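**Student:** Prediction below, plus the sequence it came from.
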Amino acid sequence: MGVLLQQAVNLLQLGSIYALLAIGFSMVYGIVGLVNFAHGDIFMVATYLLFFLATWLFSMTSSSFAVLLASTALAAAAIGLLAMIIERVAYKPLRGAPKVSLVVTSLAVGLLLQHLVLEFLGPNSQRVPRMVPDIKFTVGTVNFEFYQILIILFALFIMLLLNQFIRRTRTGVAMRAVSQDATAASLMGISKDFIISVAFVIGAAIATVGASLYGMAYPIFDPYIGQMINWWSFTAAVLGGIGNIRGAVLGGFLLAAVMVISPMVLPVSSYRDIVAFSVLILVLLVKPSGLLGKRSIQKV
Amino acid sequence: MNSKDREQKNQPILAVENLCVAYGKIKALKEISFQVYSGEIVSLLGSNGAGKTTTLNAISGIVPAQSGKIVFRGQNLVGMPTHKIVQCGIAHVPEGRRIFPELTVEENLHIAGYLFSNRNKPLLEQRMEYIFSLFPRLKERRQQAGGTLSGGEQQMLAIGRALITGGDLLLMDEPSMGIAPNLVEEIFATIQTINQKNGLTIFLVEQNAMMAMEISNYCYVLETGVIAHEGVSKDLMQDDSVARAYLGESI
């Protein structure tokens, strides 16, 4: 029982992070129809930026909580801007081009970011400074740490905030309208370019929050972490039904469940990736559009 | 009103001059020209594939014009993106209605006020009330997802949405398509109401030629991308050659 509870906390922690990563992936797909394989490397750049910001802020204040909030907010804004610029420079000129060209471009953008970081910052791994007090809780036989609770609550807060934005605000409803019928949305006076920018900014900003939370649990990073993150966010988004934000959250937690449960059941923990991708293939065989996805109709 | 009266009016609100549109190598519109004057209902008739929807889509900037001019209140719209054309004052009820299926009726109407709802909430409320008075069914279904409405209700929603955007010229693409006959009459009656009471100019594309001619002042007949006939609706209705040509095409 204690082990199960312990793993439940781990599952929620990991699932929260996967969910935040998958949201940006799914949102961009829902609006532009682009599978943005640069998402993982955006996350990687965000991690570096968070690292430098946190180091710099620690030189001015010793309040680790203030550093956490300030570095996350600043990095989210900067990475959002970066994603918007990438969209304008690399993806926008390809609007109307075959989807394959866009996917290849996004892969190229990811590689470019990775190699820029390799070139200027080197391949060595770094460690995110500790920003939350090292407090351990013990309830019965279950041990968990303060940062785990923080990750879960912070991620939940961001998801609720996003939900309110999408449901209630004028821009949020416009985003849903564009993802359902972009032409009809333009007839309502909605600029698709603006909505696309908003989707990229929000997706990247949420991935930055994900990077900040991820760094609390797994502080070691290097220029190659983007690839792994890419596959996780892609898998979570597709599992839930790419383009569907709630699906992305569901996919994130499902992926986390596989990652947490399979090492408990299987003899070798490295089997978990095999299990995760097998689950993905199985789900897609049964429901090709993902768990919450709609059957897509190719529009001419 | 006859053709001469029409020409004596000053500036048309919409003047299309030598408009050409092509899809790849297929020419959909071949140098068509026509005018719509303020306060009129003008119909564009023709059979399937004649280029009616293409004409409306070119006016709204959904398909690009290859050459020619689309002048709305003195401003050339060619090359302008769709969302800017809406801002100029053209509302468009698209073919197939294209309501947002996963938004509620209310959200569909709210988002149609996208251009002003952040600055002028009362105007949005006022227009919503007007739409609900035109189509009480929409009020009953305001919390329902758009995709769950019947075809006729979706058409009402599409018209309501276009009216909320607040243009002076309303483009309507086959409002009778796929709708129960009794609702078609209701919708055509509403089209007349909004024309007469609100002074909205309407450019109507229809396959249902008789109904369209009955409510419109002036008609153009499109045949494979060219304007084959035009005239005051009443005259055109009595013109055998038009009826033959038009019906002959559609059988």
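**Tutor:** Received the coordinates, thanks. Values in this document were obtained by computation on a predicted structure and should not be read as measured data. Numbering: from 1, shown residues only, chains lettered A, B, ... in the order given.

**Student:** centre of the chain versus the helix or strand harbouring A:Leu102, how much separation?
**Tutor:** Applying DSSP states H and E as the criterion places A:Leu102 in helix A:99-121. Centroid separation for helix A:99-121 versus its chain: 17 Å, with CA atoms, centre = their mean, to the nearest Å.

**Student:** Return the list of helices and strands in contact with the helix or strand following it.
**Tutor:** Where DSSP H and E defines the elements, the next helix or strand beyond helix A:99-121 is strand A:126-127. Strand A:126-127 makes packing contacts with strand A:220-221 when contacts are defined by 3 or more CB pairs under 8 Å, 6 or more residues apart in numbering or on different chains; DSSP states H and E. For every residue, glycine as well, the C-beta is placed using N, CA and C.

**Student:** strands paired with the strand it packs on, and their directions?
**Tutor:** Strand pairing for strand A:220-221, using DSSP bridges, gives strand A:126-127 (antiparallel).

**Student:** coming back round to it: quick one: average confidence on the helix holding A:Leu102?
**Tutor:** The pLDDT scores in helix A:99-121 average 95.

**Student:** and it, which residues are buried?
**Tutor:** A:102, A:105-107, A:109-110, A:113-114, A:117 (16 or more other CB atoms under 10 Å in any protein chain shown).

**Student:** Can you tell me what sits against whichever helix in chain B runs longest?
**Tutor:** When chain B is parsed with DSSP state H, its longest helix is helix B:181-198. Residues from elsewhere that reach helix B:181-198 (CB atoms under 8 Å, 6 or more residues apart in numbering or on different chains): B:39, B:41, B:134-135, B:151-152, B:155-156, B:159, B:163, B:170, B:172, B:175-176, B:179, B:200-202, B:204, B:208, B:211, B:215.

**Student:** do stretch A:77-91 as well
**Tutor:** Here stretch A:77-91 makes contact (CB under 8 Å, 6+ apart) with A:32, A:34, A:38, A:42, A:45-46, A:49, A:102, A:105-106, A:108-109, A:196-197, A:200-205, A:207-208.

**Student:** let's see it at 6 Å
**Tutor:** Under the contact criterion CB atoms under 6 Å, 6 or more residues apart in numbering or on different chains, stretch A:77-91 has outside partners A:42, A:46, A:105, A:109, A:197, A:200-201, A:204-205, A:208.

**Student:** can you pull the contacts of A:Ile196?
**Tutor:** A:31-32.

**Student:** check which helix or strand covers it.
**Tutor:** helix A:192-217.

**Student:** Now the element after the longest helix along chain A, going C-ward?
**Tutor:** Taking DSSP H as the criterion, chain A has its longest helix at helix A:2-32. As assigned by DSSP H and E, the chain's next helix or strand after helix A:2-32 is helix A:39-58.

**Student:** now the angle between helix A:192-217 and that next one, please.
**Tutor:** If you take axes from the mean of the first three to the mean of the last three CA atoms, to 10 degrees, helix A:39-58 sits at 60 degrees to helix A:192-217.

**Student:** pLDDT of helix A:39-58, averaged?
**Tutor:** 96.

**Student:** Tell me which residues are up against it.
**Tutor:** In contact with helix A:39-58 (CB under 6 Å, 6+ apart) are residues A:24-25, A:67, A:70-71, A:74-75, A:79, A:83, A:110, A:113-114, A:128-129, A:204, A:207-208, A:211-212, A:221, A:225-227, A:229-230, A:233.

**Student:** And for stretch A:259-275?
**Tutor:** Here stretch A:259-275 makes contact (CB under 6 Å, 6+ apart) with A:7, A:10-11, A:258.

**Student:** nearest to B:Ala15, of the contacts of stretch A:77-91?
**Tutor:** Among the contacts of stretch A:77-91, A:Ser197 lies closest to B:Ala15 (CB to CB), at 35.0 Å.

**Student:** count of residues packed around the closest residue to the closest one other than its chain neighbours?
**Tutor:** What sits nearest to A:Ser197 in space, not counting adjacent residues and going by CB to CB, 6 or more residues apart in numbering or on different chains, is A:Met84, at 5.1 Å. By the measure other CB atoms under 10 Å in any protein chain shown, the count of residues near A:Met84 is 17.

**Student:** Then the one 10 residues further on?
**Tutor:** When neighbours are defined as other CB under 10 Å, A:Leu94 has 15 of them.

**Student:** picking that back up, can I get the buried part of the contacts of helix A:39-58 as one PyMOL selection?
**Tutor:** In PyMOL syntax, the buried subset of the contacts of helix A:39-58 is picked out as below (16+ other CB under 10 Å):
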select buried, chain A and resi 24+25+67+70+71+74+75+79+83+110+113+114+128+129+204+207+208+211+212+221+225+226+227+229+230+233
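
**Student:** Tell me the secondary structure at the residue in the stretch 201-300 of chain A that chain B sits nearest to.
**Tutor:** At 8.8 Å from chain B, A:Lys294 is the closest residue in the stretch 201-300 of chain A, using CB to the nearest CB. The local conformation at A:Lys294, judged by DSSP: H, G, I helix; E, B strand; the rest coil, is coil.

**Student:** Please list the residues of the stretch 51-200 of chain B that sit near chain A.
**Tutor:** For the stretch 51-200 of chain B, the contact set with chain A under CB under 6 Å from any CB of the partner chain comprises B:62, B:82-83, B:86-87, B:92, B:98, B:100, B:102, B:107, B:111-112, B:114-115, B:117-118.

**Student:** Okay, and which of the residues you listed map to helices?
**Tutor:** Using DSSP H, these in helices are B:82-83, B:86-87, B:107, B:111-112.

**Student:** Pull out the CA atoms of stretch A:50-58 and give them to me as PDB.
**Tutor:** C-alpha atoms of stretch A:50-58 as PDB (Å, rounded to 0.1, in the frame of the first residue of the first chain):
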ATOM      1  CA  LEU A  50      16.300  29.300 -16.600                       C
ATOM      2  CA  PHE A  51      19.700  28.100 -15.400                       C
ATOM      3  CA  PHE A  52      21.400  31.400 -16.300                       C
ATOM      4  CA  LEU A  53      18.500  33.500 -15.000                       C
ATOM      5  CA  ALA A  54      18.500  31.600 -11.700                       C
ATOM      6  CA  THR A  55      22.200  31.900 -11.300                       C
ATOM      7  CA  TRP A  56      22.100  35.600 -12.000                       C
ATOM      8  CA  LEU A  57      19.100  36.200  -9.700                       C
ATOM      9  CA  PHE A  58      20.800  34.300  -6.900                       C
END
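
**Student:** from the middle of its chain, how far away would it be?
**Tutor:** 21 Å.

**Student:** and if you look at stretch A:171-179?
**Tutor:** Relative to its parent chain, stretch A:171-179 has a centroid offset of 20 Å by CA atoms, centre = their mean.

**Student:** Can you list the buried residues in that stretch?
**Tutor:** So, applying 16+ other CB under 10 Å, buried residues of stretch A:171-179: A:172-179.

**Student:** The residues you listed in helices, which ones?
**Tutor:** Per DSSP H, those map to helices at A:172-179.

**Student:** Adding pLDDT and distance to chain B, write those out as a markdown table.
**Tutor:** Putting those into a markdown table (pLDDT from 0 to 100; distance: CB to the nearest CB, whole Å) gives the following:
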| residue | pLDDT | distance to chain B |
| --- | --- | --- |
| A:Gly172 | 96 | 10 |
| A:Val173 | 96 | 5 |
| A:Ala174 | 97 | 6 |
| A:Met175 | 96 | 10 |
| A:Arg176 | 96 | 6 |
| A:Ala177 | 96 | 5 |
| A:Val178 | 96 | 9 |
| A:Ser179 | 94 | 9 |
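
**Student:** possible to save those residues as a markdown table with distance to B:Gly68?
**Tutor:** Formatted as a markdown table, these follow (distance: CB to CB, whole Å):
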| residue | distance to B:Gly68 |
| --- | --- |
| A:Gly172 | 39 |
| A:Val173 | 36 |
| A:Ala174 | 32 |
| A:Met175 | 35 |
| A:Arg176 | 36 |
| A:Ala177 | 31 |
| A:Val178 | 29 |
| A:Ser179 | 34 |
